[in-house]
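**Student:** how would this look folded up:
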Amino acid sequence: MTTDTNLQSGEPMVRLRDLSVVFTGGRKPVQAVSGVSLDVQRGETVALIGESGSGKSVTMRTLLRLHPERRTRIGGEVTVAGRNVLAMSGRELADFRGKVASMIFQEPLLALDPVYTVGAQIVESVQRHEKLDKAAAHQRALELFERVRIPSPERRLAAYPHEMSGGMRQRAMIALALACRPQLLLADEPTTALDATVQIQILLLLRELQRDLGLASIFVTHDIGAAVEVADRIAVMYAGRIVEEGTVRELIRNPRHPYTIALLKSRAHGSMSRGTPLETIPGSPPDLAALPPGCSFAARCPLATDACRAAQPTVAEFEPGHRARCIRTDDAAALAPPTTTHARDAVAA
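**Tutor:** Numbers count the residues shown, from 1 in each chain. As a prediction, the model looks like this:
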């Protein structure tokens, strides 16, 4: 694994400070991300969880500046491996993507080029960033396919994306993301389109690769169960803000934001009796083009007061690194239901 001389000792691999992302292409500006601050250390995996539209993928794509430049306003600080991503030129971004930070996309059939074999796409990426000849790049691709446990790897390198199963395509996407030995791996809901058995295989593979290679990683998911499997820390997002953040153990055992608790209660678990309906979160997320002045979750929160609706809540800290953006955290702690027992068991020592 290569090291980056721009990253000083003790400096996080990812540093976000007061990040805001506004999309301006529609009739009204859409505030997709608001005031997000987050650190990811070298060798650490942080999971971003929340409902669809909460800003998870927008935040992660901002790390690679993948949003349309003309229709996007980005504010705040975005630093990866000691580099200011927002100040990079087009050429610097091309060198940065894939080599320093790389992404596993949600749907590999759309992310991979359908007119080139999977092997050719990996070889091209390796040659672009590492200046290897074609034979050496092909050998790298073969080794990666073996590492992600693709059967008959030599034959699969010659396959087109549509000739592979969903699970094999996702493994190939992981191999492509790792091809140039990046320092930061971004995974955007990489198991969403897969069946349950393959999901578990991919999650275990990602955890193994991240630990073996010492990668910093950000894992986007809407499933707390998946986050528990792969992450060291969890950041819960709602309406473009991080509303709670902490270690997996602390956040699962002692959730303090009503939204985190609602997510835990809405998940199926082994102790549920047959036919028991899942609990749901009432209402819908707010319109990001017309956010309320106060807490964005207030309209759906059983603890909301007039103070919650009047102004954005401040961040309260409970244990080192465990924070929640809520003024009712003491009352919210009492809402944590017995249904979180299964999740607590998953992180028990």
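**Student:** dig out what the residue positioned nearest the centre of the chain forms beta bridges with.
**Tutor:** In the chain, the C-alpha closest to the average C-alpha coordinate belongs to residue 220, at a distance of 2.5 Å (CA atoms, centre = their mean). For residue 220, the beta-bridge assignment (DSSP bridges) gives partners residue 48, residue 188.
**Student:** and the gap between it and residue 228?
**Tutor:** From residue 220 across to residue 228, the span is 15 Å (CB to CB, to the nearest Å). To be clear about C-beta, it is placed using only N, CA and C from the backbone, and glycine gets the same treatment.
**Student:** so what sits opposite residue 315 in the bridge?
**Tutor:** The residues paired with residue 315 through beta bridges, assigned by DSSP bridges, are residue 325.
**Student:** tell me the contacts of it?
**Tutor:** Contacts of residue 315 were listed using CB atoms under 8 Å, 6 or more residues apart in numbering, and they are 323, 324, 325.
**Student:** helices of this structure, residue ranges please.
**Tutor:** Along the chain, the segments classed as helices by DSSP state H run 56-62, 90-96, 108-111, 118-130, 134-147, 153-157, 166-178, 196-213, 224-230, 248-253, 258-265, 306-310, 329-333, 341-346.
**Student:** pLDDT wise, what is the nearest residue to residue 215 once chain neighbours are set aside at?
**Tutor:** With sequence-adjacent residues excluded and distances taken as CB to CB, 6 or more residues apart in numbering, residue 215 is closest to residue 185, at 4.8 Å. Reading off the confidence values, residue 185 has pLDDT 96.
**Student:** where does the chain dip in pLDDT?
**Tutor:** 1-9, 193, 268-273, 337-349 (pLDDT under 70).
**Student:** redo that, cut-off 80
**Tutor:** By pLDDT under 80, the low-scoring segments of the chain are 1-10, 192-194, 196, 267-278, 333, 335-349.
**Student:** that older thread, any chance of CSV for the helices of the chain, columns distance to residue 82 and mean neighbour count?
**Tutor:** Compiled in CSV, the helices of the chain are given as follows (distance: least, CB to CB, whole Å; neighbours: other CB atoms under 10 Å):
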stretch, distance to residue 82, mean neighbour count
helix 56-62, 17, 22
helix 90-96, 12, 13
helix 108-111, 27, 16
helix 118-130, 18, 21
helix 134-147, 26, 18
helix 153-157, 34, 17
helix 166-178, 21, 24
helix 196-213, 19, 16
helix 224-230, 25, 21
helix 248-253, 27, 21
helix 258-265, 32, 24
helix 306-310, 39, 14
helix 329-333, 35, 17
helix 341-346, 35, 15
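**Student:** wait, which of the ones you listed is closest to residue 77?
**Tutor:** The closest approach between residue 77 and any of those, judged by CB to CB, belongs to helix 56-62 at 11.2 Å.
**Student:** okay, now residue 80: neighbour count?
**Tutor:** Other residues near residue 80 come to 26 when the count uses other CB atoms under 10 Å.
**Student:** and it, what is it in contact with?
**Tutor:** Under the criterion of CB under 8 Å, 6+ apart, the contact partners of residue 80 comprise 13, 14, 15, 63, 96, 100, 101, 184.
**Student:** show me the contacts for residue 132.
**Tutor:** 126, 140.
**Student:** how near is it to residue 74?
**Tutor:** For residue 132, the distance to residue 74 - CB to CB - is 34 Å.
**Student:** likewise for residue 218?
**Tutor:** 17 Å.
**Student:** neighbour count: those two, which is higher?
**Tutor:** When neighbours are counted by other CB under 10 Å, residue 218 and residue 74 differ, and residue 218 comes out ahead with 26 against 16.
**Student:** okay if I get the helices of the chain as TSV plus distance to residue 275?
**Tutor:** Conversion of those to TSV gives the following (distance: least, CB to CB, whole Å):
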stretch	distance to residue 275
helix 56-62	32
helix 90-96	52
helix 108-111	36
helix 118-130	44
helix 134-147	43
helix 153-157	43
helix 166-178	31
helix 196-213	20
helix 224-230	21
helix 248-253	26
helix 258-265	17
helix 306-310	35
helix 329-333	29
helix 341-346	18
